[in-house]
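# fold the stuff below for me.
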Amino acid sequence: MICALLRSVAATTVLGLLLVSCSDGDGVESSDASPSVSPSASSTVGVPEGVSLTDGGAELAFGDSATVVFEPNQRRGTVLELTVDKVAQGSLDDFSGFILDGSAKSSTPYYVDVSVENLGNGEVGGFAVPLYGVDDSDLLRQAATFTTSFQRCESEPLPERFKGGDTFQSCLVYLVPKRGTLEAVSFRPTQAFDPITWTGDIRKPASRKPDKPKKPTRGKNSR
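Purely as a prediction, here's the structure:
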């Protein structure tokens with residue numbers, strides 16, 4: 001369970017949009033659901049010749065790429081190139097038509113565009129890459145999952161088949177509770193892994209300009 005794996009992870013599950021989370025004794029939010037992947041801290045995945053892995057603890061900017069071992073289970077693994085392309089702050093108005101619970105109603109949504117390329121030889125289709133949002137309370141936020149389409153930011157796991165040389169682009173949704181802010185995006189497959197983080201300018205939602213008052217019209221006979 002993520003509650004045991006990552007002490008500071010808060011899970012966000014969207015079921016048309018219903019959020020599920022648990023809280024540990026210290027009040028640190030965590031998920032009580034099993035993670036979609038459980039990568040091992042020690043990997044047996046072979047790194048292709050000429051490919052260098054990004055050091056743990058690396059601090060990158062949006063648009064930069066990290067090369068990492070991705071090992072969703074003991075039988076499957078590969079080397080991925082991950083790029084956090086850009087991050088945009090959304091609005092709860094984007095979720096009109098969804099049912100929001102109390103926590104979601106006071107959250108701030110963020111949309112993270114991500115590119116993935118399989119540089120290795122392993123086939124890892126169908127899994128979700130462990131990328132987390134880091135909020136202003138220094139908590140990890142798990143990407144939301146949807147049971148219906150969310151066109152503003154289509155959030156999907158890797159395709160059912162994702163072999164060496166394949167590429168994929170997706171958009172991840174993070175809901176930060178209590179109108180908090182997203183500070184970074186983090187690759188952290190296990191608690192022991194020194195996370196790789198991306199930071200940069202986050203695009204703000206366009207502010208709606210107030211309508212200008214209309215000038216009174218004068219008729220032909222008006223003076």
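# enumerate the positions of the strand or helix carrying Thr83 that are buried.
Thr83 is part of strand 76-89, with elements assigned from DSSP states H and E. Of the residues in strand 76-89, Arg76, Gly77, Thr78, Val79, Leu80, Glu81, Leu82, Thr83, Val84, Lys86, Val87, Ala88 count as buried by neighbour count, 16 or more other Cβ atoms under 10 Å. Placement of C-beta: from N, CA and C, glycine included.
# show me the shaky parts of this protein.
Filtered on pLDDT under 70, the chain yields the residue ranges 1-43, 207-223.
# which parts of this structure are strands?
When secondary structure is read from DSSP state E, the chain shows strands at 9-10, 22-23, 29-30, 59-61, 65-73, 76-89, 108-118, 131-135, 140-141, 167-176, 182-187, 196-199.
# mind putting those strands into TSV with distance to Gly46?
Below are these laid out as TSV (distance: least, Cβ to Cβ, whole Å):
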stretch	distance to Gly46
strand 9-10	29
strand 22-23	37
strand 29-30	33
strand 59-61	24
strand 65-73	10
strand 76-89	8
strand 108-118	13
strand 131-135	23
strand 140-141	29
strand 167-176	20
strand 182-187	20
strand 196-199	20
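# between those strands, which one is nearest to Ala206?
Closest approach to Ala206 among these is made by strand 76-89 (10.2 Å; Cβ to Cβ).
# ok, so of the buried residues of strand 76-89, who is nearest Leu182?
Leu182 has its nearest neighbour among the buried residues of strand 76-89 in Val87, at 6.8 Å by Cβ to Cβ.
# pretty sure the closest one contacts Tyr111?
Yes. Using Cβ atoms under 8 Å, Val87 is in contact with Tyr111, at 7.1 Å.
# burial of Thr44, as a residue count?
For Thr44, the tally of surrounding residues (other Cβ atoms under 10 Å) stands at 9.
# excluding chain neighbours, what is closest to it?
Nearest non-adjacent residue to Thr44, counting by Cβ to Cβ, 6 or more residues apart in numbering: Gly77, 7.4 Å away.
# which neighbouring elements make contact with the strand holding Thr83?
Helices and strands touching strand 76-89, by 3 or more Cβ pairs under 8 Å, 6 or more residues apart in numbering; DSSP states H and E, are strand 65-73, strand 108-118, strand 182-187.
# just the buried residues of the longest one, please?
Counting neighbours by 16+ other Cβ under 10 Å, one finds that the buried residues in strand 108-118 are Thr108, Pro109, Tyr110, Tyr111, Val112, Asp113, Val114, Val116, Glu117, Asn118.
# my guess is the second one meets Tyr174, correct?
This means Pro109. Yes. Between Pro109 and Tyr174 a contact is recorded at 7.2 Å, counting by Cβ under 8 Å.
# so which of the strands of the chain gets nearest Val47?
strand 76-89 (5.7 Å).
# tell me which residues form a beta bridge with Ile196?
Phe187 (DSSP bridges).
# ditto for Tyr174
Tyr110.
# now it: how far from Asp166?
Distance from Tyr174 to Asp166, counting by Cβ to Cβ, to the nearest Å: 25 Å.
# compare the two (neighbour count), which wins?
Using other Cβ under 10 Å, the more surrounded residue of Tyr174 and Asp166 is Tyr174, with 28 against 16.
# any idea how far the more buried one is from Thr44?
In terms of Cβ to Cβ, Tyr174 sits 31 Å off from Thr44.
# same check, this time on Gly165
21 Å.
# same check on Thr108?
Per Cβ to Cβ, Thr108 is found 40 Å from Thr44.
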